[in-house]
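# here is my input, please return the structure:
(4 chains)
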Protein chains: 4
Amino acid sequence: MNERSLIDKILNGIVVYETVRIYDGKPFAVKEHYKRLINSLSYLGREDEVSLNDFEKEIEKNISFDRVKVFAIVSDKVELYSVGENILTKRVESVKIDISNVRHADPSSIPPNFKSLSRADVFLARQNKGDNYDVILLGQKGQVCEGSFSNVFLVKGGKIITPSLESGILEGITRTFVIDMLKENGYTVEEKIVEVKELFYADEIFLTHTSMGIVPVNYLGKFSLKTELSEKFSRMFEEYLHAKIG
Amino acid sequence: MNERSLIDKILNGIVVYETVRIYDGKPFAVKEHYKRLINSLSYLGREDEVSLNDFEKEIEKNISFDRVKVFAIVSDKVELYSVGENILTKRVESVKIDISNVRHADPSSIPPNFKSLSRADVFLARQNKGDNYDVILLGQKGQVCEGSFSNVFLVKGGKIITPSLESGILEGITRTFVIDMLKENGYTVEEKIVEVKELFYADEIFLTHTSMGIVPVNYLGKFSLKTELSEKFSRMFEEYLHAKIG
Amino acid sequence: MNERSLIDKILNGIVVYETVRIYDGKPFAVKEHYKRLINSLSYLGREDEVSLNDFEKEIEKNISFDRVKVFAIVSDKVELYSVGENILTKRVESVKIDISNVRHADPSSIPPNFKSLSRADVFLARQNKGDNYDVILLGQKGQVCEGSFSNVFLVKGGKIITPSLESGILEGITRTFVIDMLKENGYTVEEKIVEVKELFYADEIFLTHTSMGIVPVNYLGKFSLKTELSEKFSRMFEEYLHAKIG
Amino acid sequence: MNERSLIDKILNGIVVYETVRIYDGKPFAVKEHYKRLINSLSYLGREDEVSLNDFEKEIEKNISFDRVKVFAIVSDKVELYSVGENILTKRVESVKIDISNVRHADPSSIPPNFKSLSRADVFLARQNKGDNYDVILLGQKGQVCEGSFSNVFLVKGGKIITPSLESGILEGITRTFVIDMLKENGYTVEEKIVEVKELFYADEIFLTHTSMGIVPVNYLGKFSLKTELSEKFSRMFEEYLHAKIG
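Purely as a prediction, here's the structure:
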């Protein structure tokens, strides 16, 4: 591989990617991530140029890590490139989130499932999150969308609520598994357009993302939140994952 | 420079850039481009890490080309990287443009003057431009914004009209020079929110961009346009540039 | 009825209404109009206070006219009030339309099916229509919505296209009958989000409204349009109506 | 005056209006209200048809009331109509507000200063306010606008904040007097785009409207608020008004 030329391709082309979690040498939800990478490539008309086998090979190279980022660099051809990482993040004592001043780009501008590098809205939100664990981006109408690296769930009166895909969000793979798990356990999960006031009126809030699973939230700005159900769901999800991986 | 490490920085960080035109070994509007690069960096709080001298050095390295792209790769530090290119584009016989189905990201999501790599909205619009010279992106309210690599001007009843910065557009450097030139020559230039119907009702349309200056438009979709004033402005701008460069 | 008191109720309350067409003493689509009036009242929680019989009585009072407007004045109670009118409008020689500078209020602000008096957006558009037969209001994203008193249809390559209800428009009763008729006659009718450029790229445009049925459009701004299919549909609809009324 | 004909004019035309407060037989801010009525009429091109003298006569007729609503009924001519009312509202013990699910119509649809009867967005918000004193309407981007009959102010760290006119709100006459009074008393008043989260993070919130002046808010949904400064401002404004009326 000619490195100079790869840099030029990155700088002149576009890069889409996926992050896959690896538990004790076993990658999780590989097919789901592959499918989503192909979907990202489809916006560029390049969905036929990466096979599942190509994708799995990149994961295999990094199997000793906690997670692997697989990049598809799109120029005259599509080239895969991967980086393994160990997760250093420890469970933080107190998780605080807030609402970002950066708005989520509208689906009419950037399809939420087009997972491209340096999505400027999400990047700028993360850059300016200060001492928050994550910040929530609102959409063009002010609706609740998602965190800069997580999806958001509310608990209100025993019911679980999360922004629907129509809100203009990425279909998070952990999000989908969490919804499935909660429904399998008899909980009501409502996917809908969520207003900002609902965040403040929630009993509990939790985040979901690939690296940490379910993260209960202790503070929304200056307001403290209960975490009883969120803690329970977090433990439940760890067991759910281990059962899935086998 | 370790190439692998630079690639990792690009893939994990964010890249902002400028494209500078070089006429016979003389770079054009260097300070204006430097100022805009610094403005892009300011959204990341990194505006103090690149000097004018650093920027000029990158241009100097590529002074034998027609234009140079200077990238600022932002990770733990800010590193400049540059690529020189010769312009192969010839004046095309008949310039056709159309309106993109991709909308321009709102300033609340991505500041128009944050000139970052792989801006997904603009990239997707360009990818899907078909046989058009360029396509015009509309904003979130449906207002006319800009082409995927150009700014747009209308001629209507002898008056020149172009989307105002409040429309949510990049402050194009060529755009600014063209406005100045037209005003200096006694033309009325109105910067305002431009509706789609105004494109169709225009007498003439022309584009402006760094590589080609002023480009008269022959067709908006199926409708042909006059180019009398646009041709005149195009020639006038070449002389204006040469006088500036001296 | 105390007139002064009725005026006070109108000025302090809110008024919803329907306009019913009467052909040779036979009112058309009474149940559809009644159902829509009840729907308007439902936004005020007052849907149980007007019976079909009450509604029919108001129409009966004005049966010698060409059309009757039935108003429901909502204050402490709901009172019906009606006005009969004869249609003086003659088929105009040349129908010109344009795009209004007034945008249609978003469904998040005013439900499109809440047919209330003095809807300011629609009223202001009509006031400023100049010499146009009607003007088209665009929605908040710039999508094509509807005329100030009509629905809009496009013909493109033999296919008929009209803004979908999701565009944020009133479910016009004539619109629905026209769609049904066209489908029954083997035409393809696509209801979708329509962009402004599609108006300009259309082969033909026609309007529909209660008073005149189908109105072929000769001019969109400065551009002339064919009317071949529109004229055919207009005649077809007159026969369709007469068959329905029996 | 033929009453039947006036009803027909109201039902077929449009009505704009102003509400003027009368303190002990002295009307307040008559010229300001007249100016705003004329501004409403200007959207209909009818600003020349009502004189200050006409307006004052309507107020005079109702001078024994606490307030008078002056309606301008716009049809072939502009006719004034007025209704006097006594304010029965007592200071409520505990003022609760919330955020409406109805969004404020965008200025591109209905100019905020076009104070017309039965503005459906504001009417529907008020209808559904439940046990709240008033509800706050958000704009199309989710920004804080105004209550259904009041303007909203926040106190945060000693500074007073209120939505700017660019937020798309009516220029409330009481709002303007309150801003002037606060500035004259050395307070910092910031007019800006206000996000929903700022309502929840505020130390205090107060409303302003013609009938009651400044109303301190005790609850935003389930959250209680301090009222120390708001109570002070409320008393200060009563004195300010009495000094103005003299």
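# strands of chain A, residue ranges please.
Assigned by DSSP state E, the strands in chain A fall at A:14-23, A:26-27, A:67-74, A:78-85, A:96-103, A:134-138, A:144-147, A:151-156, A:159-163, A:189-192, A:204-209, A:213-216, A:219-220, A:223-224.
# quick check: residue A:132 vs residue D:198, distance?
Noted for residue A:132: a distance of 16 Å to residue D:198, by CB to CB, to the nearest Å. Where C-beta positions appear, they are placed from N, C-alpha and C, glycine not excepted.
# do the same with residue A:59
Separation of residue A:59 from residue D:198 (CB to CB): 45 Å.
# CA atoms of the worst-scoring helix or strand of chain A on mean pLDDT as PDB?
Lowest on mean pLDDT, DSSP states H and E among the helices and strands of chain A sits helix A:3-12, with a mean of 82. Only the C-alpha atoms of helix A:3-12 are listed here, as PDB (Å, rounded to 0.1, in the frame of the first residue of the first chain):
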ATOM      1  CA  GLU A   3       0.700   5.600   2.000                       C
ATOM      2  CA  ARG A   4       1.000   8.900   0.300                       C
ATOM      3  CA  SER A   5      -1.600   7.900  -2.100                       C
ATOM      4  CA  LEU A   6      -3.900   6.600   0.600                       C
ATOM      5  CA  ILE A   7      -3.800  10.000   2.400                       C
ATOM      6  CA  ASP A   8      -4.600  11.700  -0.900                       C
ATOM      7  CA  LYS A   9      -7.500   9.400  -1.400                       C
ATOM      8  CA  ILE A  10      -8.900  10.100   2.000                       C
ATOM      9  CA  LEU A  11      -8.500  13.900   1.500                       C
ATOM     10  CA  ASN A  12     -10.100  13.900  -1.900                       C
END
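# mind giving me the packing neighbours of that helix?
In terms of contacts (3 or more CB pairs under 8 Å, 6 or more residues apart in numbering or on different chains; DSSP states H and E), helix A:3-12 is packed against strand A:67-74, strand A:78-85, helix B:3-12, strand B:78-85.
# in the third one, what's buried?
Think helix B:3-12. For helix B:3-12, the neighbour count (16 or more other CB atoms under 10 Å in any protein chain shown) marks B:6, B:7, B:9, B:10, B:11 as buried.
# which residues touch the nearest residue to residue A:121 once chain neighbours are set aside?
Nearest residue to residue A:121, sequence neighbours excluded (CB to CB, 6 or more residues apart in numbering or on different chains): residue B:109, at 4.2 Å. Residues near residue B:109 by CB atoms under 8 Å, 6 or more residues apart in numbering or on different chains: A:102, A:103, A:104, A:105, A:106, A:109, A:120, A:121, A:140.
# settle this for me: the third one is touching residue A:145, isn't it.
Right, residue A:104. Yes - using CB atoms under 8 Å, residue A:104 is in contact with residue A:145, at 4.2 Å.
# overlap in contacts of the two?
A:137, A:138, A:139, A:168, A:169.
# kindly give a single ChimeraX line that selects the buried subset of those residues.
To isolate the buried subset of the shared contacts of residue A:104 and residue A:145 in ChimeraX, counting by 16+ other CB under 10 Å, use the following:
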select /A:137,138,139,168,169
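# ok, residue A:229 - how many residues close by?
The number of residues packed near residue A:229 is 18, by other CB atoms under 10 Å in any protein chain shown.
# do you know how far it is from residue A:20?
Per CB to CB, residue A:229 is found 28 Å from residue A:20.
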